[in-house]
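Participant: generate coordinates for the sequence data below:
(one chain, ligands or ions: 1)
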Amino acid sequence: MSLYLKYRPQDFESLVGQGFIKDTLKKAIADKKTVGAYLFTGPRGTGKTSTARIFAKAINCTNNTDGNPCMKCDVCTGFHENKLIDIIEIDAASHTGVDNIREIIEKAQFQPTKTQYKIYIIDEVHMLSKGAFNALLKILEEPPEHVKFILATTEIHKVPETILSRCQRYDFRNHTAEDTRARLSYIAAEESVNIDGESLEYITKTSNGGLRDAISLFEQLIVDGNISYAHIEETLGVSKQEHISQFADKLIASDESTLKDIASLESSWKDIQLFFHDVLIYIGAKTGEQLTIGKDIQRELFVLDTLHDTYTKAKHSFDQYLTFRIGVLKILSSYNPTTSAQPVPAKIAPTTQALKAEKIEAPTTEKPPVEETPVVEQEESLFTEVQDIFATDEPAFESGETPKPSPPQTGDFDTEGFITAVKAVWAKAAITMSLRGSDISLDGNNLTIKAKTKVAFASLENPEAQEFLHKALQSINKTDISIKIS
Ligand SMILES: [Zn+2]
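Facilitator: A predicted model of the protein is given here:
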């Protein structure tokens, strides 16, 4: 059983975060003031389905304490053992049709067998067809006394207004870093896993408030009862925190050695998007600490803004390294704090491929907020300032071609390109990691992924993952490919 399922909360007390929602639902149960239909909305992994299950159980629990299920009565134990037929969970993603909903309506007319209320939990409710929504609306308009609905969705804008207006709505928020950290530490202690502080921070940050992602990443990173940052660096290609803060500080100071840093990231095949994600977070925290609006903050904000644009562009870029290098060049060229606040006047016209690429990538309408200097002049000064680097650095820079170490290849299948494509359609660290740790080969139309661990196998076998793997293959023009996970 996966750790996520093992540590799925069973009562309100063990539910992580969502304090307001928890308290309101418990009070409604304690006061016997529950309504006929609820709608839980919010990002994935924030506890909507877990809350729905606990709520359904608590409403029917014969011995609840202040709205919290007792976990001992027939209802609580029956639900736990999957024997309770009066709490019905439906995944709308696989039951989208009107017939499914009609069936529910017909069955809803019958009294529950063992509980006070018959409860329908409809997950991913936005996936229902138009006809199904209409059928659902009919029963929501006049629900039988003994029936309650709990609808859950990540995409509230796809749920018709007529449905929304008949539900009591609860908005689930992303978990705070503190909540995620506390839950992971708890699981680590229960499972006797040693995890270092850097790794805990890394997982917390990467999961972005989704506890399910945090726990599955945590699980994947366990090696012999340990999670170490050195191992994470190795498998995920992330960079040391120290390296990140140094790089960010150098960038703010317009230190040209940042270009060399990017080249070395590239040659060690580090995940550059993750690296800049961390750089952004570091500078963001730095600007957040400022107490006065001085020159420093102007510079930091400019760097932050430019990097943020670059990061967004990189997601759709054919070459992420190139996009990030251009972003850094833009920052370096904008001003040189060691000489003057003004850009150095242009002497030589820009001719390199990299500058041409920048013009294509970033239209010249963009102006850094620091100075009023015309954009053309800035670009020329960029060249003056960085020409030495182009002249003396990696040959790849000089030639103007996209420098890139040969990715690991299997046959003529570009594994790294495939992983990048997967990341573009589904940015989930756990999947990327599973793929990196696997042997991938393409024989005709059959893609074989040999997973090296059980967890990697499970995460790749998952139907959702399969769907995204196919999408990724399509995006690199590989169609009609069958995927085999072994
Ligand atoms: Zn109970």
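
Participant: list the residues that contact residue 472.
Facilitator: 418, 421-422, 424-426 (CB atoms under 8 Å, 6 or more residues apart in numbering). Placement of C-beta: from N, CA and C, glycine included.

Participant: and it, what's its pLDDT?
Facilitator: What the model reports for residue 472 is a pLDDT of 84.

Participant: can you dump the C-alpha coordinates of the strand or helix carrying it into CSV?
Facilitator: If you go by DSSP states H and E, residue 472 is part of helix 463-475. Provided in CSV are the C-alpha atoms of helix 463-475 (Å, rounded to 0.1, in the frame of the first residue of the first chain):
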residue,chain,number,x,y,z
PRO,A,463,-3.5,5.2,-15.9
GLU,A,464,-3.1,9.0,-15.4
ALA,A,465,0.6,8.7,-16.0
GLN,A,466,0.0,6.6,-19.1
GLU,A,467,-2.2,9.2,-20.5
PHE,A,468,0.5,11.9,-20.0
LEU,A,469,3.2,9.6,-21.4
HIS,A,470,1.1,9.2,-24.6
LYS,A,471,0.6,13.0,-24.8
ALA,A,472,4.3,13.6,-24.4
LEU,A,473,5.0,11.1,-27.2
GLN,A,474,2.6,12.9,-29.4
SER,A,475,4.2,16.2,-28.7
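
Participant: that one: how far from the chain's middle?
Facilitator: Distance of helix 463-475 from the chain centroid (CA atoms, centre = their mean, to the nearest Å) equals 16 Å.

Participant: which positions in whichever helix or strand comes after that helix come out as buried?
Facilitator: Moving toward the C-terminus from helix 463-475, the next helix or strand (DSSP H and E) is strand 482-485. Neighbour counts over strand 482-485 (16 or more other CB atoms under 10 Å) mark 483, 485 as buried.

Participant: ok, and the closest non-adjacent residue to residue 451?
Facilitator: residue 457 (3.9 Å; CB to CB, 6 or more residues apart in numbering).

Participant: what's the answer for residue 58, then?
Facilitator: Nearest one to residue 58, counting by CB to CB, 6+ apart, is residue 69 at 4.3 Å.

Participant: can you report phi and psi for that neighbour?
Facilitator: phi -60, psi 150 (degrees, to the nearest 10).

Participant: wait, it sits on residue 80?
Facilitator: No. Using CB atoms under 8 Å, residue 69 makes no contact with residue 80, being 9.9 Å away.

Participant: how about the residues of the protein by the ion?
Facilitator: Within the chain, the positions adjacent to the ion are 61, 69-70, 73, 76 by CB under 5 Å from the ion.

Participant: what does the pLDDT read for residue 88?
Facilitator: 91.

Participant: for residue 197, same thing?
Facilitator: 93.

Participant: counting neighbours, what do you get for it?
Facilitator: Applying other CB atoms under 10 Å, we find 9 residues neighbouring residue 197.

Participant: how close does it sit to the ion?
Facilitator: 39 Å (CB to the ion, to the nearest Å).

Participant: cool, residue 330 as well?
Facilitator: 61 Å.

Participant: check residue 308 too.
Facilitator: Taking CB to the ion, one finds residue 308 at 49 Å from the ion.

Participant: helix/strand/coil for the closest residue to that residue other than its chain neighbours?
Facilitator: Distances taken as CB to CB, 6+ apart put residue 280 closest to residue 308, at 6.3 Å, once the chain neighbours are dropped. Following DSSP: H, G, I helix; E, B strand; the rest coil, we place residue 280 in the helix state.
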